[in-house]
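Enquirer: Kindly generate the corresponding structure for this input.
(one chain, ligands or ions: 1)
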Amino acid sequence: MRMYDVIKRKRDGFELTSEEIIYFVAGYSDGSIPDYQASALAMAIFYQGMNARETAALTMAMAVSGDTVDLSPIPGIKVDKHSTGGVGDKTSLAVVPMVAACGVPVAKMSGRGLGHTGGTLDKLESIPGLSISIDEQRFFDIVNSVGCAIIGQTANLVPADKRLYALRDVTATVDSIPLIASSVMSKKIAAGADAIVLDVKCGSGAFMKTADDAIELAQAMVDIGEEVERTTIALVTDMDRPLGNKVGNSLEVIEAVEVLKNTAPADISETCLELAANMLLLAGKGTLQECRELARRSIESGAAFEKLCQMVEAQGGDSSVLRDTTRFAQAPFSEQLLAPCDGYVFHMNTEQVGIAAAALGAGRETIEDSIDPAAGIDLARKTGAAVKAGDVLATLYSSDREKLREGAQLLLGAYDIRNEKPATIPHFLARVTKKGVERLA
Ligand code: URA
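Expert: Residues are numbered from 1 along each chain as shown. The predicted structure is shown next:
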């Protein structure tokens, strides 16, 4: 077989055989297929797509390209959760302890942020002392004693995706449905969970810009899950405005604590409740309505917050910053962004909000960049809000005055203020299961 022929067949719109897909993944993983041929194939897939069989074959070839995790030392049904990436998405930090507080173990491996999207590991590392590099035995021990743990992927988990994702990131081939579906699902399958809840983001801050595309991505991932006997549910949720008010690493940990204290904004709180409820449903904890009630009670009783503190301590972190969030390291510089005119916040370019946060120091442009944990944005006004000239739109934080100026300019450009009030955006757009698509808006 020649890689040249595989690229040409996909370029010309043919369906690839499973053997061709396995040949590509194996060759790209062992270095015998170079980046330039892999990027040509990624671009061909971007334009020509892949059908369900090809996408499943790509997923499975990648899932077994490195180590796989056997979670059987943890008793019970293990449900994982994954978001396709957005701005202000701190749901894992709240959902994982909520589900664990309801008696369902969560052994989660997360990733780092790149570009305009944040990563759970970077957020967790803003907690002093907390380690995300934990060996497998200790990971199992923490989940068995505390109920949950969130760690970094082991170095050899889905190495094919690591290489391909980095390549896609620099060749404008990230936002392809079969490539995202296989990337996400290969990691979830290799990480060993019995069932999976996906949060597929849709809008200006997400890879999928329209509800139809996001639903198609959700369906592709649910189909893959079913094919490998991991029951999968996907919620399609709005990412046309940032989720919650806080964007940045320690700021997002603080907002996750607010979710668990029942003091967070409605959009982030409701998203966390719904994700947790769907995870509890897959773990067999009752009907969806009963699971929503369980999730709500985990917050009201304080059990979910205590679970987060226990998890942080078990991972070596200082939970006192969660009990008193003013103890988080503060950024030395801050600036308020003021509304330039009267009107309504008609739209927010959410990707640009993420880029502004990254420019402040909260994100990275390349995987080697370091993160400023205290940098970020606290949004005072989001889409739909009425504003008067001079009202505070947001407060920006950074350890670098120059970055503060750049971040403020970028953030101002993300706001579209008009005289017209925008239509209300529903937060939940669809729920996709093996039974089909339930449109919620
Ligand atoms: N998240 C992933 O893990 N992979 C993608 O391709 C996109 C988002």
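
Enquirer: Centre of the chain to stretch 199-212, how far?
Expert: Mean C-alpha position of stretch 199-212 versus that of the full chain (CA atoms, centre = their mean, to the nearest Å) differs by 12 Å.

Enquirer: and residue 247, what element?
Expert: strand 246-248 (DSSP states H and E).

Enquirer: Can you list the strands that that strand pairs with?
Expert: strand 376-379 (antiparallel) (DSSP bridges).

Enquirer: Give me the next element, helix or strand, following the strand it pairs with.
Expert: Immediately after strand 376-379, counting by DSSP H and E, sits strand 386-387.

Enquirer: Tell me the helices and strands packed up against that following strand.
Expert: strand 343-348 (3 or more CB pairs under 8 Å, 6 or more residues apart in numbering; DSSP states H and E). Bear in mind the C-beta positions are built from the backbone N, C-alpha and C, glycine included.

Enquirer: what's in contact with the strand it packs on?
Expert: Contacts of strand 343-348 with the rest of the structure, by CB atoms under 8 Å, 6 or more residues apart in numbering, involve 204, 240-242, 381-387, 393, 414-422.

Enquirer: ok, residues contacting the strand holding residue 247?
Expert: So strand 246-248 is contacted by 87-88, 90, 118, 252, 254-255, 353-354, 357, 360, 362, 374-379, 397 (CB under 8 Å, 6+ apart).

Enquirer: Return the set of buried residues in the one helix or strand residue 437 maps to.
Expert: Using DSSP H and E, residue 437 maps to strand 436-439. Buried residues in strand 436-439, counting neighbours by 16 or more other CB atoms under 10 Å, are found at residue 437.

Enquirer: pLDDT of that strand, averaged?
Expert: On average, the pLDDT along strand 436-439 is 96.

Enquirer: what does stretch 342-361 give?
Expert: Here the average pLDDT along stretch 342-361 is 97.

Enquirer: at contact distance from the ligand, anything in that stretch?
Expert: No: judged by CB under 6 Å from any ligand atom, stretch 342-361 and the ligand are separated, with a smallest distance of 13.5 Å.

Enquirer: rewinding a little: run the chain-centre distance for the strand holding residue 437.
Expert: 22 Å.

Enquirer: I'd like to know how far residue 85 sits from the ligand.
Expert: Note on residue 85: its distance to the ligand, by CB to the nearest ligand atom, to the nearest Å, is 5 Å.

Enquirer: How about the contacts made by the residue in the stretch 51-200 of the chain positioned nearest to the ligand?
Expert: Across the stretch 51-200 of the chain, the shortest distance to the ligand (CB to the nearest ligand atom) belongs to residue 183, at 3.4 Å. Residue 183 makes contact with 62, 161, 164-165 under the criterion CB under 8 Å, 6+ apart.

Enquirer: State the pair within the residues you listed that is farthest apart.
Expert: Spatial extent of these (CB to CB) is set by the pair 62 and 165 at 10.0 Å.

Enquirer: quick one, which of those two is more surrounded?
Expert: Set side by side, residue 62 and residue 165 show more neighbours around residue 62, with 28 against 19, by other CB atoms under 10 Å.

Enquirer: hang on, isn't the more buried one packed against residue 182?
Expert: Yes: Residue 62 is in contact with residue 182 according to CB atoms under 8 Å; the separation is 6.1 Å.
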